[in-house]
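> Take a look and give me a structure for this.
(chains A and B)
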Number of protein chains: 2
Amino acid sequence: MASEDQVRSQCCFLEWMNLQEQELAELHQALNIHAATNSKENINLTQLAENCIKHFQDYADKRTQLARHDVSAFFAPAWCTNFENSLLWVAGCRPSQYIRLVYTLHGLEIEAQLIQFLEGIGDIKNLGELSSKQIHEINSLQGKTIRAEEKVTTRMAILQEDAADNPIVVIVMKELREVGEMNGKVERALDKHEQDMVGVLEEADRLRLTTLKELLAILTPRQAMGFLAASKQLHLCVHEWGKMRDFRHGRGNHNNLS
Amino acid sequence: MASEDQVRSQCCFLEWMNLQEQELAELHQALNIHAATNSKENINLTQLAENCIKHFQDYADKRTQLARHDVSAFFAPAWCTNFENSLLWVAGCRPSQYIRLVYTLHGLEIEAQLIQFLEGIGDIKNLGELSSKQIHEINSLQGKTIRAEEKVTTRMAILQEDAADNPIVVIVMKELREVGEMNGKVERALDKHEQDMVGVLEEADRLRLTTLKELLAILTPRQAMGFLAASKQLHLCVHEWGKMRDFRHGRGNHNNLS
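Below you'll find the model as predicted:
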């Protein structure tokens, strides 16, 4: 039986995944209308992108609130599949993955393959060509993002190494009569460690969000739609593939809250 | 109900944790005898350290075999506590944690506290003073280990970013009729990804093992015993504390295989 905390965190994740499906459908619909009417009007597209960012911000805020009760659960969530968990960086995706995806979509081979694809079922995922100015800006964002990621990774490493330092080691060596005994000092040391972990989680979420915002600001509204649709489609696929692989390895239904 | 793969992996971990308890008891016993007889004979101590390394090697080999069937499970193991999982680096501890622990044990403050402690219940965990030659060698090992860790971290990051690249993105954008559909190409791409993950896991285990061996070679047999005992005691405490915290958050018994 899952605890109340776990049910709340799992609900938060499932609502988020449902929202991803809805957003993906809306993005496809808007892109289809845009392509059919050959509209020069980007207002709707811009609004959709802003909604996606707003939802992401809301999700991050809600997650931070939940993490304040039980942060460790977010670093290897029981509600995600093992495949998803093996791709986790500080309880989420790597911000540099967004940029990698833009490059992949822009790649010549993919473009050539997309042409075939687009002939088949419509121009819904084409990123369109990036200008040299855009490529320059994306390159610069990539460098900045990787450096920021490294800083967060280092902060996480320091936090992990602290488990082999004061005050935890002093308590283990000096104050406990037997292995695994718990006392007030252990509680306080673990609470402090968890608070620090919430701080790293918040920093990672902030980096994911700002990277996404800056990337969308570089892309045209039409390109932003193509990228967001591809990103959500990839995310949903990874989740579904993970469920299939877990099922094959005899692991249960991740949407089951019991 | 856990799958056969999961039961085997969980058994492997539980056997390993039981072995840690046994080894800790043996280390304490040997150190007590050594202190009581004021023995200059280090043969038994050296043999004990060699046994610990041999057991670690056996565990790593067994884990690699199991990971070839289901590698993702090792990156956020259901059989570990959430607290342990939040400390994981590539499915285990950071090798630099060993060195950090030696420094912590050697630290002046801890030494001062140890004196009090040792007056109380005997000289069983004292690391003894490190010579300046030893400190120089440990410093150098620390630098080498952190650089090697960074290489493995980068390899892991590249593998995670590859999920937003060819061939996975091409399959998602081009070949699937609906989100989450599975086909032969997806299977092959995920199999390849998992093989690469096993490679990173093996590299991380190799680094953990060589760091431990090199560190023990720098320490005297008596110091090595003190370090190994402290390391196992810390590991067992983290596991027990994690179980208590999980229990408080309503999560089940990690030793239950059902």
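> got the contact list for A:Arg251?
A:Asn82, B:Ala2, B:Ser3, B:Gln6, B:Ala78 (CB atoms under 8 Å, 6 or more residues apart in numbering or on different chains). For every residue, glycine as well, the C-beta is placed using N, CA and C.
> let me redo that: A:Gln6
Contacts of A:Gln6 by CB under 8 Å, 6+ apart are A:Asp70, A:Ala73, A:Ala78, A:Trp79, B:His249, B:Gly250, B:Arg251.
> Let me know the helix or strand that it is in.
Using DSSP states H and E, A:Gln6 sits within helix A:4-37.
> lowest average confidence, helix or strand, in chain A?
Within chain A, no helix or strand scores below helix A:108-121, which has a mean of 56 by mean pLDDT, DSSP states H and E.
> Quick check, A:Asn85 in contact with A:Trp79.
No - with contacts counted by CB atoms under 8 Å, A:Asn85 stays clear of A:Trp79, the gap being 10.0 Å.
> returning to that earlier point: what's the following helix or strand after the least confident helix or strand of chain A?
Next element after helix A:108-121 (DSSP H and E): helix A:132-161.
> by contact count, what packs against whichever helix or strand comes after that next one?
With elements assigned by DSSP H and E, the helix or strand that comes after helix A:132-161 is helix A:168-170. Packed against helix A:168-170 by the contact rule (3 or more CB pairs under 8 Å, 6 or more residues apart in numbering or on different chains; DSSP states H and E) you find helix A:184-218, helix B:96-106, helix B:108-121, helix B:221-248.
> Now do the shortest one: everything it contacts.
This points to helix B:96-106. A:160-161, A:163-166, A:169, A:173, B:110, B:127, B:129-130, B:138, B:141-142, B:145-146, B:149, B:211-212, B:215, B:219, B:226-227, B:230-231, B:234.
> Tell me which residue lies farthest from the centre of chain A.
The centre of chain A is farthest from one residue, A:Arg177, which by CA atoms, centre = their mean lies 42.7 Å away.
> show me what contacts it?
A:Arg177 touches nothing, counting by CB under 8 Å, 6+ apart.
> Is it correct that it falls within a helix?
No - judged by DSSP: H, G, I helix; E, B strand; the rest coil, A:Arg177 forms no part of a helix; its state is coil.
> Quick one, grab the pLDDT at A:Ala189.
A:Ala189 carries a pLDDT value of 91.
> now do the one 10 residues further on
The score at A:Gly199 is 96. That number is its pLDDT.
> What is the burial count for it?
Number of residues near A:Gly199 (other CB atoms under 10 Å in any protein chain shown) recorded here: 14.
> what do you get for A:Ala78?
With other CB under 10 Å as criterion, A:Ala78 counts 17.
> again, but for A:Gln22
Around A:Gln22 there are 11 residues (other CB under 10 Å).
> low-confidence ranges in chain A?
A:1-2, A:38-43, A:108-128, A:252-258 (pLDDT under 70).
> Let's see that with 50 instead.
A:1, A:109, A:121-125, A:258 (pLDDT under 50).
> And the buried ones among the contacts of A:Gln6, selectable in PyMOL?
In PyMOL, this line selects whichever of these come out buried by 16 or more other CB atoms under 10 Å in any protein chain shown:
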select buried, (chain A and resi 70+73+78+79) or (chain B and resi 249+251)
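> could the contacts of A:Gln6 go into TSV alongside distance to A:Arg206 and secondary structure?
Below are those laid out as TSV (distance: CB to CB, whole Å; DSSP: H, G, I helix; E, B strand; the rest coil):
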residue	distance to A:Arg206	secondary structure
A:Asp70	21	helix
A:Ala73	20	helix
A:Ala78	25	coil
A:Trp79	23	coil
B:His249	26	coil
B:Gly250	30	coil
B:Arg251	28	coil
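> Between the contacts of A:Gln6, which sits nearest A:Ala35?
Closest approach to A:Ala35 among the contacts of A:Gln6 (CB to CB): A:Trp79, at 36.4 Å.
> Counting neighbours, what do you get for the residue lying closest to the closest one once chain neighbours are set aside?
Among residues not flanking A:Trp79 along the chain, A:Gln10 sits closest, at 4.0 Å (CB to CB, 6 or more residues apart in numbering or on different chains). For A:Gln10, the neighbour count with other CB under 10 Å is 21.
> wait, doesn't A:Gln10 sit right on A:Ala78?
Yes - A:Gln10 is within contact range of A:Ala78, at 7.5 Å (criterion: CB under 8 Å).
> what's the neighbour count on A:Glu175?
A:Glu175: 15 neighbours (other CB under 10 Å).
> List the residues that contact it.
A:Asn183, A:Lys185.
> ditto for the one 10 residues further on
Under the criterion of CB under 8 Å, 6+ apart, the neighbours of A:Lys185 are A:Pro167, A:Ile171, A:Glu175.
> doesn't A:Asp191 make contact with the first one?
No - applying CB under 8 Å as the test, A:Pro167 and A:Asp191 come out as separate, 11.8 Å apart.
> And A:Asn183, how far from chain B?
Distance, A:Asn183 to chain B, by CB to the nearest CB, to the nearest Å: 11 Å.
> wait, that residue sits on A:Val172?
No - with contact defined as CB under 8 Å, A:Asn183 does not count as touching A:Val172 (11.2 Å).
> quick one: which of those two has more around it?
Taking other CB under 10 Å, A:Asn183 and A:Val172 do not tie; A:Val172 has more neighbours (24 against 12).
> could the contacts of A:Gln6 be laid out in JSON lines, adding distance to B:Glu202?
JSON lines is the format used below for those (distance: CB to CB, whole Å):
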{"residue": "A:Asp70", "distance to B:Glu202": "32"}
{"residue": "A:Ala73", "distance to B:Glu202": "28"}
{"residue": "A:Ala78", "distance to B:Glu202": "26"}
{"residue": "A:Trp79", "distance to B:Glu202": "29"}
{"residue": "B:His249", "distance to B:Glu202": "33"}
{"residue": "B:Gly250", "distance to B:Glu202": "36"}
{"residue": "B:Arg251", "distance to B:Glu202": "30"}
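> burial count for the residue of the stretch 1-150 of chain A found nearest chain B?
Residue of the stretch 1-150 of chain A nearest chain B, by CB to the nearest CB: A:Ser3 (2.2 Å). For A:Ser3, the number of neighbouring residues by other CB under 10 Å comes to 18.
> need the contact list for it.
B:His249, B:Gly250, B:Arg251.
> ok, so of these, who is nearest B:Pro95?
Looking across the contacts of A:Ser3 and measuring by CB to CB, the closest to B:Pro95 is B:Arg251, at 28.7 Å.
> correct me, but A:Thr145 touches A:Leu209?
No - A:Thr145 lies out of contact with A:Leu209 (CB under 8 Å); the separation is 11.9 Å.
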